[in-house]
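Novice: what's the 3D shape of this:
(chains A and B)
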Amino acid sequence: MTTQARAHAAARRMRLFERYALLVVWALLIIGFSLALPNSFPRWGNFSILFASYAPAALLALAIIIPLTSGDYDLSVGAVMTLSSCLIAVLNAWAGLPILLCLLLAVLAGVVVGLFHAFFIVYVRIPSLVVTLGSTSLISGVVQWFTKSSTIGGIDNALIMSVVGGRLFGVPYAFYYAFAAVVILWYVFDYTPLGRRLLFVGRGREVARLNGIAVERVRVGALVASSVVASCAGILYAGVLGSADPYSGLNYLLPAFAAAFLGSTTIMPGRFNPWGAMVAVYFLGTGITGLTMLGIPLWVTNVFNGGALILAVTISQLTRGREAPDIG
Amino acid sequence: MAMPTYPVSLSFGAWNNLVTAATGELSTNAAPLGGSPTLRLEGISKTFRATRALDHVTLEVRPGEIHGLLGTNGSGKSTLIKVLAGYHAPDPGGRMTFNGEEVSLPLSSSDFRRLGMSFVHQNLGLLPSLTVLENLRLKQIALSPGMHLNWRRERAEGQAVLDRYGLDIPQWRRVDELSAVNRALLAIVRAFEEIREGCEATGKPGLVLLDEPTPFLPEEGVARLFKLMREIAASGSSVLFISHDIDEVMEITDRATILRDGRVSGEVETASASHDDMIELIIGRSLAPAEERTNEATAFAPGLSITSVEADGIAPFSLDIGKGEVIGLTGLIGAGYDRIPYLVFGASPATAGELTIDGRQLALPGMTPAKAIAENLALLPGDREAQSGVPSLSIADNMLLPDVSDWFRGGLLRNRGMRNEAKRLGDAYEVRPNDPDLPLAALSGGNAQKVLIARWMKRKPRLLLLDEPTQGVDVGTRARIFDAIAAEAETGMSVLCASSDAEQLARICDRVLVFARGRVVRELTGSQVSKDHITQACYASLENSDRSPT
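Specialist: Numbers count the residues shown, from 1 in each chain, chains lettered A, B, ... in the order given. Model prediction:
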């Protein structure tokens, strides 16, 4: 009995460690860089920029985990973010539409892209990987066409001010938008029946159907939500940069995916969860910032992101043992 | 519904003459014709924990013979097949000889080719998305030693094989585009081809084992299959034919071995045996003709009715289910009885029919699981992991899945309330261990089934639809599940239970409907609802139903 109790306690400690391991590693990373760069790294200004500049990536990671939970990949979030930010720039700076209308149209574009994906994935039954890979290229092409492949400045200052113009507790607003999105998604995932249905649709489509869940509607909803959140990431991105260009957004896709999977190994191990995704984004951001400050060449960033993605999926596979992965 | 009562009468004199051995030991004077038998099993036993699935089973298949193997579910037939396939190691003491050569048990995968044994399992083992040629020459292509694949030679070889058996199937067709008959024929030809070369080289006969190849074939297809089997037998090799269909066994086999309760209950020359003899060997005793029931079965208050539900392969089916009535659906494999619960629940599409609840008529073609749940129907599917519960999610989530909205109060999903409710239900249904946070996968099959039964029972459904509710469930849990069903039926829940387990149906049902080829051929009520009568009715079911001409 006592040995059993001890085994139980050990298992509980193991679970606890698993939940917070990434936070510990993040702290170690910060300490490591601070020791290596005592004069430049451990500065508040540094972290403040980090928090703001990775806010769009945090939103992208959230956009990815919604359909991942219901069993579909969305590779197009990077392209949708670019589409949204460029749309805002073109409509606002070139066409002179009021900024609020531009934001609304950008979100609407997200809805359209989401429905486009849902039509092919849910109704024509084409694998989500194929559809969203194709639409990534399709959207990127369209964006290059209507931006004439150029970087567009001159976005309404109101947007820039409300994204990075002010600080709360020393952190730019941008971070709080991402934070709010995490809280909302956390609420939906953990504290609404919808979240539970999303999970069942992802883990057992037939089980969900036979328990009366409208599987197709849930999947469509998840895909649309993903594109809308990615559009919102585009709004933040335009605000953070103060301009839009048709190329740089795609660079965020890989870190966001890495964060989605890395995040599923922490906070609530074994599930794609918003807190985990957010922690993972800033963990990766810290790593990249530190490496850049150490003067390591740019290619290391790519190696770091790609390596982190594969490592994250490996860890999540190992911790979940033989359990079926979310994605089949 | 007036059904003809199946007459069972037997003269025991004629009986003993045609049964070579009925004790489980083959009499030693049954010397095989023309040398050693192709396959001989002697004293094969298999014990699973406390249950003896096979008890000194002896089986002999002679060269050039088509040999039938018959038995009910639980007779040990599938265990014997698994021993032959090398999947189970039999208990020590059993012997196997193949063409006179002693073979050490358990069989290993290298034995089959060497000896000349091949299997066609019920799923046929074809790869549906590949072509006929690729399937036919799968082994040769996959194990081809060189770098280069000589497609011209493969095509020629493949065509030669198809021609040899008179199969008119284009080689380039994808297997999933073939008819069911051609798929079965292709699988059998492939199995026979696997051993043919070896057999020709050594001059020794081989053995093809066919496990239930016919239930899903139309009559014309069965005839072609039988022709193919005769050709194989004519070449000197043997066929071991496993089937539920006594008539088919009577038609095609030379001899047959019948298993019952893990023992050989008889070995017969089929030419001199009658259909009734076979049934008696399968069931074990001759039954007095079931007496016409005088006392009508318990009268139930009218509950709901199903009117002419129809689907592909299911003839229009109607049924009135009383409040609190437990109705069993059964039949042999392929009879279609197991599809009825899914049609009623809207889980698979019906082409016609309606469901009447409290005078309201609901069209079944438009039924969906969501609507069925709204009408307070419940379905517990047979495939637990794929259809019933999600192994990686928690017991609480699985148990309360259809009711999850009830726990959304004040804008928050009450996770603690759900956990407490799951704990309470877990206590009531004796789920062990009763920890609602554990994933469903942490439970044994029986305990997982308790969780899923509790999910539906707590809703107090109007109609509970079950498909093989106790498959892979231990004996104790079985009893617990039956008690729970009986208790709810007392309070007015109707139950429709599809099952191939006659014992289970006898235990819980008020009425049992026996299906054959998509239609009801027999209704058992009152004292007829017994294990023996149900089994007997299943085996008699095929003779008063014609195969559909499709």
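Novice: most remote residue from chain B's center?
Specialist: Most distant residue from the mean C-alpha position of chain B: B:Gly410, 49.1 Å away (CA atoms, centre = their mean).
Novice: Now do the buried residues in the helix or strand B:Asp163 falls within.
Specialist: Remark: B:Asp163 resides in helix B:151-164, with elements defined by DSSP states H and E. Across helix B:151-164, burial judged by 16 or more other CB atoms under 10 Å in any protein chain shown covers B:Glu154, B:Glu157, B:Gly158, B:Val161, B:Leu162. To be clear about C-beta, it is placed using only N, CA and C from the backbone, and glycine gets the same treatment.
Novice: would CSV of those residues with distance to B:Asn99 and pLDDT be doable?
Specialist: Below are the buried residues of helix B:151-164 laid out as CSV (distance: CB to CB, whole Å; pLDDT from 0 to 100):
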residue, distance to B:Asn99, pLDDT
B:Glu154, 30, 83
B:Glu157, 26, 84
B:Gly158, 29, 85
B:Val161, 24, 84
B:Leu162, 28, 85
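Novice: Quickly name whichever of these is closest to A:Gly170.
Specialist: Using CB to CB, B:Glu154 comes nearest to A:Gly170 of these, at 72.6 Å.
Novice: hey, where'd the helices end up in the stretch 1-150 of chain B?
Specialist: B:12-18, B:77-84, B:109-115, B:132-136, B:138-142 (DSSP state H, counting those that start in this stretch).
Novice: quick revisit: out of the buried residues of helix B:151-164, who's nearest chain A?
Specialist: B:Glu154 (31.2 Å; CB to the nearest CB).
Novice: A:Ala109 and A:Leu83 touch, don't they?
Specialist: Yes: contact criterion CB atoms under 8 Å: A:Ala109 and A:Leu83 qualify, at 6.1 Å.
Novice: Those two - which one has more neighbours?
Specialist: A:Leu83 (29 against 20; other CB atoms under 10 Å in any protein chain shown).
Novice: residues of stretch B:441-460 that come out buried?
Specialist: Under 16+ other CB under 10 Å, the buried positions of stretch B:441-460 are B:441, B:443, B:446-459.
Novice: low pLDDT regions in the stretch 201-350 of chain B?
Specialist: Scanning the stretch 201-350 of chain B for pLDDT under 70 picks out the ranges B:285-298.
Novice: Could you count how many residues lie near whichever residue of it sits closest to chain A?
Specialist: Across the stretch 201-350 of chain B, the shortest distance to chain A (CB to the nearest CB) belongs to B:Ala347, at 5.6 Å. The number of residues packed near B:Ala347 is 21, by other CB under 10 Å.
Novice: just checking, A:Arg259 is part of a strand?
Specialist: Careful, residue A:259 is Ala and not Arg. No: for A:Ala259, which was evaluated using DSSP: H, G, I helix; E, B strand; the rest coil, the result is helix, with no strand membership.
Novice: and stretch A:188-208, does that touch chain B?
Specialist: Yes: part of stretch A:188-208 sits near chain B under the criterion CB under 8 Å from any CB of the partner chain, namely A:190-193, A:195-197, A:199-200, A:203-204, A:206-207.
Novice: longest helix of the chain?
Specialist: I'll assume chain A. Ranked by number of residues, the top helix in chain A under DSSP state H is helix A:2-36.
Novice: Can you look at chain B instead?
Specialist: helix B:180-202.
Novice: Now that helix: buried residues?
Specialist: For helix B:180-202, by 16+ other CB under 10 Å, it's B:181-196, B:199.
Novice: elements contacting it?
Specialist: Applying 3 or more CB pairs under 8 Å, 6 or more residues apart in numbering or on different chains; DSSP states H and E, we find helix B:180-202 packed against helix B:109-115, strand B:117-120, helix B:132-136, helix B:151-164, strand B:207-211, helix B:219-234.
Novice: Let me have the ones you listed in a markdown table, adding distance to chain A as columns.
Specialist: Shown next, in a markdown table, are the helices and strands packed on helix B:180-202 (distance: least, CB to the nearest CB, whole Å):
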| stretch | distance to chain A |
| --- | --- |
| helix B:109-115 | 25 |
| strand B:117-120 | 29 |
| helix B:132-136 | 23 |
| helix B:151-164 | 29 |
| strand B:207-211 | 27 |
| helix B:219-234 | 30 |
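Novice: do you know which of these lies nearest A:Leu253?
Specialist: helix B:132-136 (38.2 Å).
Novice: just how off-centre is the closest one within its chain?
Specialist: 28 Å (CA atoms, centre = their mean, to the nearest Å).
Novice: what does that helix rub up against?
Specialist: With contacts defined as CB atoms under 8 Å, 6 or more residues apart in numbering or on different chains, helix B:132-136 is touched by B:126-127, B:141, B:154-155, B:158, B:161-162, B:169-175, B:178, B:186, B:189-190, B:193.
Novice: Using CSV, write out the CA atom coordinates for that helix.
Specialist: Only the C-alpha atoms of helix B:132-136 are listed here, as CSV (Å, rounded to 0.1, in the frame of the first residue of the first chain):
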residue,chain,number,x,y,z
VAL,B,132,-5.5,-6.9,-59.8
LEU,B,133,-2.0,-7.7,-61.1
GLU,B,134,-0.2,-6.0,-58.2
ASN,B,135,-2.4,-7.9,-55.7
LEU,B,136,-2.0,-11.2,-57.5
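Novice: nearest to A:Ala178, of the residues of stretch A:188-208 next to chain B?
Specialist: Comparing the residues of stretch A:188-208 next to chain B against A:Ala178 with CB to CB places A:Asp190 closest, at 18.2 Å.
Novice: Make sure the closest one is indeed in a helix.
Specialist: Yes: note on A:Asp190: a helix contains this position according to three-state DSSP.
Novice: count of neighbours near it?
Specialist: Neighbours of A:Asp190 using other CB under 10 Å come to 18.
Novice: cool, and A:Ala214?
Specialist: Number of residues near A:Ala214 (other CB under 10 Å) recorded here: 16.
Novice: isn't it right next to B:Ala370, touching?
Specialist: Yes: checked against CB under 8 Å, the pair A:Ala214 and B:Ala370 is within contact range at 6.5 Å.
Novice: Kindly state the pLDDT recorded for the residue nearest the centre of chain A?
Specialist: In chain A, the residue lying closest to the centroid (CA atoms, centre = their mean) is A:Ala61, at 1.1 Å. We have a pLDDT of 96 for A:Ala61.
Novice: residue contacts, it?
Specialist: A:Ala256, A:Phe257, A:Ala259, A:Ala260, A:Gly263, A:Ala277, A:Met278, A:Ala280, A:Val281.
Novice: Which two among the residues you listed are spaced furthest apart?
Specialist: Farthest-apart pair in the contacts of A:Ala61 is A:Phe257 and A:Met278; separation 14.5 Å (CB to CB).
Novice: How about the residues of chain B by chain A?
Specialist: B:345, B:347, B:368-370, B:372-374, B:379, B:381, B:386-393, B:397, B:401-402, B:404-405, B:407-408, B:411-413, B:415, B:439, B:441.
Novice: so where's the stretch 451-550 of chain B uncertain?
Specialist: B:475, B:542-550.
Novice: now the strands for it?
Specialist: B:463-467, B:494-498, B:511-516, B:519-525 (DSSP state E, counting those that start in this stretch).
Novice: May I see those arranged in TSV, with mean neighbour count and distance to B:Ile242 as well?
Specialist: Supplementary listing: the strands of the stretch 451-550 of chain B in TSV, determined by neighbours: other CB atoms under 10 Å in any protein chain shown; distance: least, CB to CB, whole Å:
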stretch	mean neighbour count	distance to B:Ile242
strand B:463-467	26	23
strand B:494-498	24	23
strand B:511-516	26	19
strand B:519-525	21	23
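Novice: Thank you kindly, that will do.
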